[in-house]
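Participant: Here's my sequence, what's the structure:
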Amino acid sequence: MEAPSIGGVRIRPGDGQTVRLSRGASLTDLAEKIGVDPASLVQVLFNQGELVTATQSVPDDVLEILGAELNYDIQVVSPEDEDRELLDSFDLEFGDNWAEDAELVRRPPIVTVMGHVDHGKTKLLDALRHTNLVAQEAGGITQAIGAYQTVALVDGQERPVTFIDTPGHEAFTAMRARGAKATDIAVLVVAADDGVMPQTIEALNHAQAAEVPIVVAVNKIDKPGADPTRVRSQLTEFGLVAEDFGGETMFVDVSAVTKQGLDELLAAIVLTADATLDLRTDPDMPAQGVAIEAHLDRGRGPVVTALVQRGTLRIGDSLVTGSAYGRVRALLSDVGLSLDQAPPSMPVQVLGLTSVPGAGDNFLVVDDDRKARQIAERREARQRAATLAKATRRRTLDELFAQLEKGEELKLILKGDSAGSVEALEDALLAIDVGDEVSLRIIDRGVGAITETNVTLASASDAIIIGYNVRAQGHATELADREGVDIRYYSVIYSAIDDIESALKGLLKPIFEEEARGSAEVRQIFRSSKIGIIAGCLVQSGLIRRHAKARLVRDGLVVAETSVNTLRREKDDVVEVRDGYECGLTLSGYSDIRVGDLVETYEMVEKPRD
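Facilitator: Down below sits the predicted model:
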């Protein structure tokens with residue numbers, strides 16, 4: 001029996017059965033699942049106006065369209081579910097799954113410091129740690145996540161507290177949200193003189209979405225005009241009611257400059273953790289946690305700032321985090337001391353991985369290096385497919401023809417000092433909106449110095465290289481000069497965003513609008529054997545300029561689009577004639593001029609884009 005036709009292609013439709021595909025799957029993957037020829041699926045989509053090859057990573061919405069056409073319930077497996085299934089295949093789990101007979105111990109709370117730009121988050125941590133991080137930051141804003149541990153004295157007991165400092169610029173929203181997910185308690189820093197600001201609300205939303213307790217630190221109470229009561233009143237509108245207002249949220253007035261209220265803040269954090277959270281874990285289980293930040297160090301290789309959430313991380317452990325793996329070669333504390341092991345809730349720098357993982361990737365210790373490598377390779381393949389699917393835009397036939405007509409696209413290669421910074425910069429650049437006339441495509445990104453390979457790719461692709469807190473190494477600069485590759489260096493993210501936005505606007509076709517320059521009424525007609533028809537005119541408004549664009553208007557209708565050819569006043573050739581004066585003029589290529597006609601002149605002026 002011949003298979004029925006779907007979209008003009010002979011394919012037997014499904015019966016509504018479910019087909020599970022990983023994000024970034026190709027038509028070949030789907031064809032294998034349902035037992036058809038990949039070329040037939042390509043034909044079905046082509047008939048619907050979608051241009052997709054058989055091996056190309058396909059966006060989720062295209063898979064759903066194809067599933068509806070073929071009567072299959074196509075389910076795209078999320079990266080989280082896919083990772084969980086991957087770990088299950090290795091008999092591994094990520095979560096609080098310790099043995100029933102395990103001896104649980106109390107672990108320190110992990111605290112995220114959040115808030116608006118310049119409200120003193122890093123200065124507050126600086127005061128708690130007695131270091132000076134603020135002077136090291138470009139642009140006066142934190143542009144990477146750092147994790148630090150300090151000790152609070154509560155009821156005569158020393159209680160460690162781990163802090164995560166999240167970036168303050170709006171471009172780092174994704175990193176800030178990730179910090180909230182890796183935390184137990186959020187400290188919302190609000191300046192007493194500024195009050196609640198837009199990013200204060202944004203940070204509060206992240207913390208509430210993560211469903212973590214919130215402690216509010218009202219900072220800068222030493223400054224003139226500080227009004228802590230106003231801060232309490234403003235936050236009441238967002239569901240944070242202070243204890244002295246009859247609520248449950250602890251507010252602490254602090255000053256990072258005078259050190260006032262710091263002990264009270266630490267005590268409030270510990271008390272909140274004891275009252276609302278049961279922070280216990282098994283210290284003997286294989287270590288698990290999250291890579292808060294990662295960068296490539298020239299002397300030490302990939303360096304990961306890891307936060308141990310469960311178990312104990314030891315030197316010699318086989319570790320896998322994201323698509324990176326390796327054996328722990330060294331552990332360094334937040335102050336640079338060498339450690340043999342890192343207990344729960346301790347932030348450490350880990351050396352020994354083969355590559356730089358992504359900021360926010362979960363890490364876990366496995367039995368041996370072989371298993372770590374297998375997990376990392378599968379994760380890398382899955383991540384590559386998902387990235388391709390994300391970068392692949394749906395392209396219809398109409399869009400293809402439009403793209404061929406425009407041909408305007410800005411290609412970028414991003415290199416940064418850390419994985420989190422590159423990710424945040426990429427998200428911020430892709431969010432730039434200058435309309436549909438031009439497009440932005442990031443063809444490569446990575447951590448570390450700009451290499452000759454990057455320059456070669458940029459030269460072949462006609463791309464621009466963005467170096468964020470990194471420089472070109474070796475002969476890369478010479479090669480870039482020789483190949484004409486543009487390398488831009490930045491240390492503050494919003495400078496890069498502004499420049500790229502300006503570049504995108506520069507690719508746009510200019511918008512011109514007409515601006516009236518003057519009008520003249522024809523009062524008399526003169527005939528010349530040499531020149532032809534001469535219009536004797538009185539300039540009524542503006543000015544009439546020689547060679548200006550002009551239109552001839554008769555009884556309210558435009559009868560000719562032309563330009564002013566010659567312009568005379570008395571017997572002299574002139575460049576322009578202003579309103580109230582008489583002149584004689586001729587029009588280029590048009591001689592049917594009558595008394596009573598209007599000559600209107602104008603210029604096409606480029607209109608600046610918003």
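Participant: For the rest of this, base every contact and every neighbour count on C-alpha atoms.
Facilitator: Fine.
Participant: chain center to stretch 36-54, what's the gap?
Facilitator: Relative to its chain's centre, stretch 36-54 lies at 32 Å (Cα atoms, centre = their mean, to the nearest Å).
Participant: got it, and stretch 464-483?
Facilitator: The answer for stretch 464-483 is 23 Å, by Cα atoms, centre = their mean.
Participant: Identify each buried residue in that stretch, please.
Facilitator: Residues 464-472, 476-477, 479-480 are the ones in stretch 464-483 that count as buried (16 or more other Cα atoms under 10 Å).
Participant: Show only the entries of those residues found in strands.
Facilitator: Those of those mapping onto strands are I464, I465, I466, G467, Y468, per DSSP state E.
Participant: of all those residues, which two lie farthest apart?
Facilitator: Maximum pairwise distance in those, criterion Cα to Cα, is 12.8 Å, between I464 and Y468.
Participant: State which strand of this structure is the longest.
Facilitator: The chain, longest strand under DSSP E: strand 511-528.
Participant: What's the first helix or strand after it?
Facilitator: strand 532-545 (DSSP states H and E).
Participant: name the helices or strands packed onto that following strand?
Facilitator: Using 3 or more Cα pairs under 8 Å, 6 or more residues apart in numbering; DSSP states H and E, the elements in contact with strand 532-545 are strand 511-528, strand 576-578, strand 582-587.
Participant: can you list these in CSV and add distance to L27?
Facilitator: Below are the helices and strands packed on strand 532-545 laid out as CSV (distance: least, Cα to Cα, whole Å):
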stretch, distance to L27
strand 511-528, 42
strand 576-578, 68
strand 582-587, 64
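Participant: any idea which of those strands is most buried?
Facilitator: strand 582-587 (a mean of 22; mean count of other Cα atoms under 10 Å).
Participant: Which element is encountered next along the chain beyond that strand?
Facilitator: In N-to-C order, the element after strand 582-587 by DSSP H and E is strand 598-607.
Participant: any idea which residue sits dead centre in the chain?
Facilitator: Nearest to the geometric centre of the chain sits D427, at 1.4 Å (Cα atoms, centre = their mean).
Participant: and that residue, what element?
Facilitator: Going by DSSP H and E, D427 is part of helix 419-430.
Participant: That helix: what's the following helix or strand?
Facilitator: strand 439-447.
Participant: Give the other helices and strands that that following strand contacts.
Facilitator: If contacts are counted by 3+ Cα pairs under 8 Å, 6+ apart, strand 439-447 sits against strand 409-416, helix 419-430.
Participant: okay, the ones you listed in CSV with mean pLDDT and distance to L271 next?
Facilitator: Formatted as CSV, those follow (pLDDT from 0 to 100; distance: least, Cα to Cα, whole Å):
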stretch, mean pLDDT, distance to L271
strand 409-416, 86, 39
helix 419-430, 83, 32
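Participant: Of these, which is nearest Y602?
Facilitator: strand 409-416 (33.6 Å).
Participant: Listing partners with orientation, what would you give for that closest one?
Facilitator: Applying DSSP bridges to the sheet, strand 409-416 is found paired with strand 439-447 (parallel), strand 464-468 (parallel).
Participant: for the longest strand of the chain, packing partners?
Facilitator: strand 532-545, strand 598-607.
Participant: hey, C-alpha coordinates of that strand in CSV?
Facilitator: Extracted as CSV, the C-alpha positions of strand 511-528 are listed here (Å, rounded to 0.1, in the frame of the first residue of the first chain):
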residue,chain,number,x,y,z
ILE,A,511,17.1,57.3,6.3
PHE,A,512,16.6,60.6,4.3
GLU,A,513,13.8,63.0,4.8
GLU,A,514,12.8,66.0,2.7
GLU,A,515,13.4,69.5,4.1
ALA,A,516,11.8,72.5,2.4
ARG,A,517,14.3,75.3,1.5
GLY,A,518,12.2,77.9,-0.3
SER,A,519,9.3,78.7,-2.7
ALA,A,520,8.9,81.2,-5.5
GLU,A,521,5.9,82.3,-7.5
VAL,A,522,6.3,82.7,-11.3
ARG,A,523,5.1,86.3,-12.1
GLN,A,524,6.3,86.6,-15.7
ILE,A,525,7.7,84.4,-18.5
PHE,A,526,10.7,85.5,-20.7
ARG,A,527,11.9,83.7,-23.8
SER,A,528,15.6,83.7,-24.8
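Participant: Adjacent strands (with direction) for that strand?
Facilitator: By DSSP bridges, strand 511-528 pairs with strand 532-545 (antiparallel), strand 598-607 (antiparallel).
Participant: Quick one: mean pLDDT for the longest one?
Facilitator: When you say that, I think you mean strand 532-545. Strand 532-545 shows an average pLDDT of 92 in the prediction.
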